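# Pasted the sequence and its predicted model underneath.
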Amino acid sequence: MPQPSKLVILDRDGVINHDSDAYVKSLDEWIPYPTAIAAIARLSRAGWTVTVATNQSGIARDYYSESMLESMHQRLHELVHQAGGEIAHIAYCPHGPNDGCDCRKPLTGLLEQIRQALDLETLAGSWMVGDSLRDLQAGEPMGCRPVLVRTGKGRHTEAEGEGLARAMIFDDLAAFVDWLLTAEGSDED
């Protein structure tokens, strides 16, 4: 069973792959950051459990289907696996902002799904990595340690400055993973 202190929860768009104000609607538009794929694999090889929590309101808006989203996530799994790593679980919210769900970040439903999928009592002490304030806000009531990356919308979020007092800030996912693995002395590379 994974330990919450060895769990990293990632937002997807803007952290793992390029984001788009027009939504990432197809496999061709889903363009991963090569350094992010390698970083996920490094975490996995070093004994960390990696999961993803992502809002995907483009489904509710009829921009793409759940099967298209599944194709993108299958590609993500394949790339991480080819790099020698694993993603333990991907939780996504298919709802729009006004649908009244409990899973759309900054609500905690996606993280609760991850907690249940991994059979954990708590997520306290795990890391929540995102490029927007809502990502970090979702992790806060669950006891996650907040990390903002400057990729995607991260630079804009950092410039706004609100709600980031507790957050660690890194240029990208790879820089966070470099720091984390060095800090714990378990870098496998």
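Perfect, I can see it now. Numbers count the residues shown, from 1 in each chain.

# Asp19 is in contact with Glu29, correct?
No: Glu29 lies out of contact with Asp19 (Cβ atoms under 8 Å); the separation is 10.3 Å. (C-beta placed from N, C-alpha, C; glycine too.)

# Give me the more crowded residue out of the two.
Per other Cβ atoms under 10 Å, whichever of Glu29 and Asp19 has more neighbours is Asp19, with 20 against 15.

# Let me know the helix or strand that the more buried one is in.
Assignment of secondary structure by DSSP states H and E places Asp19 within no helix or strand.

# likewise Ala41?
Using DSSP H and E, Ala41 falls within helix 34-45.

# which is the next helix or strand following that helix?
Downstream of helix 34-45, the next assigned helix or strand under DSSP H and E is strand 49-55.

# circling back: distance between the helix holding Ala41 and the chain's centre?
How far helix 34-45 lies from its chain's middle: 13 Å, per Cα atoms, centre = their mean, to the nearest Å.

# What residues of it count as buried?
Using 16 or more other Cβ atoms under 10 Å as the test for burial, helix 34-45 gives 36-45.

# cool, stretch 118-125 as well?
Within stretch 118-125, the residues scored as buried using 16+ other Cβ under 10 Å are 118, 120, 123.

# Surely the first one touches His89?
Yes: counting by Cβ under 8 Å, Leu118 touches His89, with 6.4 Å between them.

# List the residues that are in contact with both of these two.
Overlap between the contact sets of Leu118 and His89, as judged by Cβ atoms under 8 Å, 6 or more residues apart in numbering, is given by Thr51.

# And for the residue nearest to Asn17 when sequence neighbours are not counted, the neighbour number?
Closest residue in space to Asn17, ignoring its immediate chain neighbours: Pro32 at 4.5 Å, by Cβ to Cβ, 6 or more residues apart in numbering. By the criterion of other Cβ under 10 Å, Pro32 has 17 neighbours.

# Contacts only, for Pro32.
Counting by Cβ under 8 Å, 6+ apart, Pro32 has contacts 16-18, 76, 79.

# So what does it have for phi and psi?
Pro32 adopts backbone torsions of phi -70, psi 150, taken as degrees, to the nearest 10.

# for the chain, what spans make up the strands?
For the chain, the strands defined by DSSP state E cover 7-10, 49-55, 89-93, 127-130, 145-149, 168-170.
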